[in-house]
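K.L.:
no sequence for this one, just the structure:
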Ligand code: PEP
Ligand code: MG
């Protein structure tokens, strides 16, 4: 490990971002590529960290290294720092590892003193220019190094501008600039009781110290918190020879995008200001001209810029945002970084670069971020000035939606059936609201976090959803939604953006998602590369169809309870539950059977021979019955209106009330659900299994291939699975008979209870596959009830860094992941071909997908809308693991810094 703290530009390269910061690494790379970069050096991020460890002390050894590097700049520029006749001037800038644009400070024109300013005047033949530079230096130095608030200087400048009847400093005459400098010096003296240093080395060391200090200014701290950048990284400092774009009309400054950052189109876009410094373009004090102006006035420089731009694109293989300055017809590149661009531009550029041979297909795949696909695959809001944000919640399910406000699932469904577009608002949703959720364009809840029921369901269906919008007040009795001064009533128009969590009043213009040619190309490349299969969690034929369109290679989780919740089926399910006798229950089940069968048939047809994993009923039965309060309300109402002798309806309600009380559990999550339900009430599972095999038989008769996989939820003990497997095999034989051999079905289990994971070798002897239900496995491993944890403490835990992330969103690899690893190892130790995948929410999250790939799972199964992303993430996992194995750099570094 070297103790070198200062690197001349030619001593670094693009892979040294950790040490030199993004800017320092890129300046080094550009220097070595022969681009015209003003020469300089970079002080490492490690020096900044030391500065903090040593309580603001800059060691003499560092000062010596800085001085030695300075001598090299002097030699290269043929100027001396502090030389009264022709001074070398410096630009001092910050440069963190991760881009933090505008968060830290810069000092330009460093090296000017009362003496050297006259030297600059002499060599440039422009005293006005030299004085302007000096004034700008005092202001920047005073603010950044001496901590004087900027306002103190701007007030003085405004006053002098006003008196001189000019708009900006560039228009002040020499005498006025002298006056300005004097006044600036007085500000410094008055505020610090010291004069502006006339020793240039003192200026330099103070400036370096000030840039280190700017790492912890309040705006930088807030930025890091928002962007999850570690506080202990520190910033590097780059020191470069100053170049002046404001010398004369053959000088200027500008910004250039190597491709169109909105569309990704292969065209250079840029702005240019003649006779100006960079700040003027950024601050908007002067309106820049198009880059064509440069082409017309300085064609040779334009040509050189064009070439430099192509060279930089090839070097970084990405759209570059380049800052350049021209001094007396000589081009200098001051900075390059990856351009901020739309998702569409990022995708198009990555595909184009790969096809142009600038980057490999693998690198193009590694470019795709979750955020890109979120933007590309969902409707988005086209914001106009008049659009009004009325509240902010959590961005729970991406996409945007506008519609009429409704307060309950029934209204949502009936209005939607009339062709109305509705937004369903609930305090929180329960599985009972599913028909409303299906019918609604968007979902808005007042409570619940990113993995609350509403969020999970909405994401699963690709319905935009804003959750946990606690600023709102819901008055269910009057059907009003209050939000500060707004009161929304049923039927009012409202819009939500599930990608940002924002709620808007009225209707908002929406943009349809586009499956561009580029996305199709990228997904094809992903499929060529990836090893893991990507399945979808879908339970409606419509969603299954969509899942296939997105490239799902199977259905990894069909939650049959979702099929029970539609208004035409719920009464049948309720009749099964409240049946007074066996016969009554059998009758109700027989009516439910064809409905289930028809659903399965449609799903098999859509999937045409690909695996379809159907999970038998999982939730506790009380979830299918109305809430006790609702039933008691109904009973009261009936009591009031029922005439003597007409008590049928009352009796029915009483029966349901009794059943609800009987089924009540103090902790339903750990109660009678999943396999436990199937063992105690085998007739329900029996009907479901029969429906699956009857559907399979129908398909076989029609010449459609089927591959049913029957999955038993919530197994904790091998003997539970043994009993239920026998049930499945028995029904299969009964229904399929001679077609048994034509229907290669599998029976497997969810692994979602820690005990199941720890005894997986016993369980595997009854299972053909394992599917890790990481939603429940996370709850049970951490002992967190998902909704309570998200509502009460998880955000605090993440904020206080007690947990690195919400474990319901990003798999807890050390705990839950370890259980998966153990289960997989045990399972495959007795069944080497055991198929294993994951079907919890984590299956659509990048880091979790990488983990699944690394431990050797066969598939991930996520919501249909996440399928394209999961295909790309699975490919990325494979590329990275191959590169790591070959010990190549895992990711070609792409992004640059502030
Ligand atoms: C799980 O627990 O991860 C799972 C997929 O099942 P559910 O979310 O339906 O409980
Ligand atoms: Mg589960």
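P.N.:
Structure's in. What do you need? Just so we're clear, the structure is a prediction, and the values are computed from it rather than from any experiment. Ligands and ions are numbered 1, 2, ... in the order given.
K.L.:
quick one: low-confidence parts of the stretch 101-250 of the chain?
P.N.:
Filtered on pLDDT under 70, the stretch 101-250 of the chain yields the residue ranges 101-102, 226.
K.L.:
and whichever residue of it sits closest to ligand 1, how many neighbours does it have?
P.N.:
Nearest to ligand 1 in the stretch 101-250 of the chain, going by C-beta to the nearest ligand atom, is residue 228, at a distance of 25.7 Å. To be clear about C-beta, it is placed using only N, CA and C from the backbone, and glycine gets the same treatment. Number of residues near residue 228 (other C-beta atoms under 10 Å) recorded here: 10.
K.L.:
that one in helix, strand or coil?
P.N.:
Put simply, residue 228 is coil when judged by DSSP: H, G, I helix; E, B strand; the rest coil.
K.L.:
got the phi and psi for it?
P.N.:
Main-chain torsions, residue 228, degrees, to the nearest 10: phi 50, psi 50.
K.L.:
can you check residue 43 too?
P.N.:
According to degrees, to the nearest 10, residue 43 has phi -90, psi 130.
K.L.:
list the contacts of it.
P.N.:
By C-beta atoms under 8 Å, 6 or more residues apart in numbering, the residues touching residue 43 are 5, 6, 62, 66, 208, 236, 237, 238, 239.
K.L.:
the fourth one and ligand 2, how far apart?
P.N.:
So that's residue 66. With distances taken as C-beta to the ion, to the nearest Å, residue 66 is found 60 Å from ligand 2.
K.L.:
please pull up the helix or strand immediately following the helix or strand containing that residue.
P.N.:
Using DSSP states H and E, residue 66 maps to helix 60-77. Helices and strands here follow DSSP H and E; after helix 60-77, the next one along the chain is strand 80-81.
K.L.:
what does that next one contact?
P.N.:
With contacts defined as C-beta under 8 Å, 6+ apart, strand 80-81 is touched by 70, 73, 74, 86, 87, 88, 90, 111, 200, 201, 204.
K.L.:
returning to what we had before: check which helices and strands the helix holding residue 66 sits against.
P.N.:
Applying 3 or more C-beta pairs under 8 Å, 6 or more residues apart in numbering; DSSP states H and E, we find helix 60-77 packed against strand 6-8, strand 40-43, strand 80-81, strand 87-88, helix 200-214, strand 235-241.
K.L.:
let's have these in TSV, adding distance to ligand 2.
P.N.:
Shown next, in TSV, are these (distance: least, C-beta to the ion, whole Å):
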stretch	distance to ligand 2
strand 6-8	53
strand 40-43	52
strand 80-81	68
strand 87-88	68
helix 200-214	49
strand 235-241	46
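K.L.:
of those, which is nearest residue 303?
P.N.:
Minimum separation from residue 303 across those (C-beta to C-beta) falls at strand 235-241, 24.1 Å.
K.L.:
how far does the closest one sit from its chain's centre?
P.N.:
Going by C-alpha atoms, centre = their mean, to the nearest Å, the spacing between the C-alpha centre of strand 235-241 and its chain's C-alpha centre is 31 Å.
K.L.:
use 136 as the first number from now on
P.N.:
Sure thing, new numbering starts at 136, so read that last one as strand 370-376.
K.L.:
mind listing the strands it pairs with, and their directions?
P.N.:
When pairing is defined by DSSP bridges, strand 370-376 lines up against strand 175-178 (antiparallel), strand 225-231 (antiparallel).
K.L.:
how about these, which one is nearest residue 468?
P.N.:
strand 175-178 (12.6 Å).
K.L.:
for the residue lying closest to residue 229 once chain neighbours are set aside, give me its contacts.
P.N.:
Among residues not flanking residue 229 along the chain, residue 239 sits closest, at 3.6 Å (C-beta to C-beta, 6 or more residues apart in numbering). Taking C-beta under 8 Å, 6+ apart, we find residue 239 in contact with 229, 231, 346, 349, 350, 352, 355, 370, 1033.
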